[in-house]
Structure formats: structure tokens, C-alpha cells
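S.K.: I'd like to go over a predicted model; first the sequence, then the structure.
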Amino acid sequence: MREEEVEVAIKVVVVGNGAVGKSSMIQRYCKGIFTRDYKKTIGVDFLERQIEVDGEDVRLMLWDTAGQEEFDAITKAYYRGAQACVLAFSTVDRESFEAIESWKRKVENEVGEIAMVIVQNKIDLIDDALVHTTEAEDLAKKLRLRFYPTSVKENLNVEEVFRYLAGKYIERLNTVIDNETSTQRIGEGLIHMDSPNHSSDKNTISLQAAKKKTGGKKSVLTQRCSLL
Ligand SMILES: Nc1nc2c(ncn2[C@@H]2O[C@H](COP(=O)(O)OP(=O)(O)OP(=O)(O)O)[C@@H](O)[C@H]2O)c(=O)[nH]1
């Protein structure tokens with residue numbers, strides 16, 4: 001396979017207490033459907049969707065993890081390799097809001113710091129709210145994360161959540177690639193130290209102009225992404 005054909009694939013885990021709407025959110029985003037039935041997720045499940053971000057084809061693999069604590073041991077293993085995370089709670093479930101920081105810790109214990117957002121789902125039920133949006137905004141500020149109120153039912157803001165995470169991840173990736181390129185450039189310059197033409201003066205380091213980056217599409221391997 002040529003390098004140009006390699007696509008960006010991002011593993012996104014969606015976490016939060018039971019019944020906050022994680023499975024519904026993934027179904028809405030990947031299949032465009034919403035169901036009223038509640039079927040508790042056992043362990044994990046995953047769906048995917050392809051989108052374009054800044055001219056890049058991005059494959060989002062959305063991992064739906066069980067919100068019930070009884071499945072913690074199973075779900076933790078699936079956080080590994082995740083590059084982005086949705087921390088979800090429900091407008092009508094105070095406990096799910098209070099659990100957000102603990103979900104963040106659980107994920108970070110497995111994968112370190114990755115792109116994250118806080119999502120307040122079921123915003124359509126605002127009249128029965130047990131969590132005020134301002135409280136959620138304050139928490140997001142404190143944790144320095146982006147906050148999105150969503151309604152999976154009304155299809156409000158769901159696209160935006162995943163687009164933001166994909167963009168954020170690509171931004172980080174580009175920074176890493178740029179840093180790697182600069183390191184390589186310095187490396188190229190140092191070659192002159194040992195080249196026969198310069199051996200007479202070993203104290204002189206002659207830096208060579210670095211090769212220009214090609215303007216074509218940037219390509220990244222998934223495996224490489226997991227190093228972030
Ligand atoms: N009113 C309203 N109901 C929603 C919304 N999103 C999901 N639901 C409902 O909330 C219930 C729970 O949704 P799920 O998606 O199964 O919840 P979950 O977080 O995956 O639950 P676990 O699998 O136990 O972790 C279902 O009955 C959904 O129809 C929403 O935006 N508004």
C-alpha cells in the first residue's frame with residue numbers, strides 16, 4: 001500500500017453511567033436512528049462512520065461501553081488504544097453528572113491524556129432537569145474540556161461532538177508530525193559533521209537546508225496514532 005492511501009482512524013470511547021444515552025448516541029450518529037427502548041449494554045459494542053475533516057478522510061470507530069459498574073473490569077480493557085473520549089451524563093440523572101470526574105479518571109488511568117468532551121444528553125428533558133447547564137459548564141471549565149448539551153432524541157449537537165473530537169485529534173497529530181519533521185531536519189544537518197568534505201574541522205557543524213515538506217495529503221497509520 002502506498003503511504004498516501006493510509007487513512008486516519010480514530011478510536012473513540014463513549015463512557016458514562018448507565019442509561020445516559022451512550023448507545024443511543026452512537027446509533028444516532030452511525031445509523032441515523034433513535035429508539036425509545038432501553039437495552040442495557042453488556043460489555044462493549046462498536047460502530048463506525050467515515051467523515052471528512054480538513055480534507056482528510058477520517059474513520060471514527062465508536063466504542064460503546066457499559067455504564068453499569070458491574071462491567072467495569074471488561075470495559076476498562078477496551079479503553080486501551082483510544083484516542084478520544086466522550087464523557088456523557090443525563091440532564092435528568094444527577095448521579096450521572098457527579099460521576100463524570102470518576103469516568104475521566106478511569107479512562108485516563110488506562111490511556112493517559114486524550115481528546116475529551118463532556119456531553120449533557122437528554123437536553124430535551126430540560127423542564128425536568130436535575131442538573132443545570134451552568135453547573136456542567138463550570139465543571140467543563142474546571143477540567144478544561146469542551147462542553148456540549150445534546151439531545152440524541154431530537155438529533156441536537158450529536159454531529160458536532162464527534163466532529164470536534166476528530167478535529168482535535170488531527171490537530172494533535174499534526175503537531176506531532178511537525179515536531180518529528182523538525183527533529184529530522186536537525187538530524188540531516190548533523191550528517192555534515194562526519195562527511196569526508198568536512199572532516200578537517202571537526203568543531204564545525206554545517207547545517208544543510210532541510211527538504212521542503214510535500215504539499216500532498218498527510219497520511220497517518222492507526223498504529224502510530226495510538227502512541228499519542
Ligand atoms: N428523552 C431522551 N431520551 C433519550 C435520549 N437519549 C437516549 N434516550 C433514552 O434513554 C434510554 C437509555 O439510553 P441508552 O442509549 O440505552 O443508554 P446507555 O447509556 O447506553 O445505557 P447502558 O448501556 O446501560 O450503559 C433509552 O430509553 C433511550 O431511548 C435523549 O436525548 N432524550
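M.R.: Received, thanks.

S.K.: Once you drop chain neighbours, what's closest to Met25?
M.R.: Among residues not flanking Met25 along the chain, Val152 sits closest, at 4.9 Å (C-beta to C-beta, 6 or more residues apart in numbering). Where you see a C-beta, it was placed from the backbone N, CA and C, and this is true even at glycine.

S.K.: which parts of whichever helix or strand Tyr78 is part of are buried?
M.R.: Assigned by DSSP states H and E, Tyr78 belongs to helix 72-79. Buried positions in helix 72-79, judged by neighbour count with 16 or more other C-beta atoms under 10 Å: Thr75, Tyr78, Tyr79.

S.K.: Which residues of this structure lie near the ligand?
M.R.: Applying C-beta under 6 Å from any ligand atom, we find that the chain lies next to the ligand at 18-24, 35-38, 40-41, 66-68, 121-122, 124-125, 151-153.

S.K.: hmm, try it at 5 Å
M.R.: 18-24, 36, 38, 40-41, 67, 122, 124, 151-153 (C-beta under 5 Å from any ligand atom).

S.K.: on that earlier part again, of the buried residues of helix 72-79, which is the nearest to the ligand?
M.R.: The shortest approach to the ligand among the buried residues of helix 72-79 belongs to Thr75, at 9.4 Å (C-beta to the nearest ligand atom).

S.K.: wait, the closest one sits on Gln68?
M.R.: No. Assessed by C-beta atoms under 8 Å, Thr75 is found out of contact with Gln68, at 9.3 Å.

S.K.: For Glu137, see how far away the residue sitting nearest the centre point of the chain is.
M.R.: By C-alpha atoms, centre = their mean, the chain has its centre lying nearest to Ala84, at 1.9 Å. Note on Ala84: its distance to Glu137, by C-beta to C-beta, to the nearest Å, is 21 Å.
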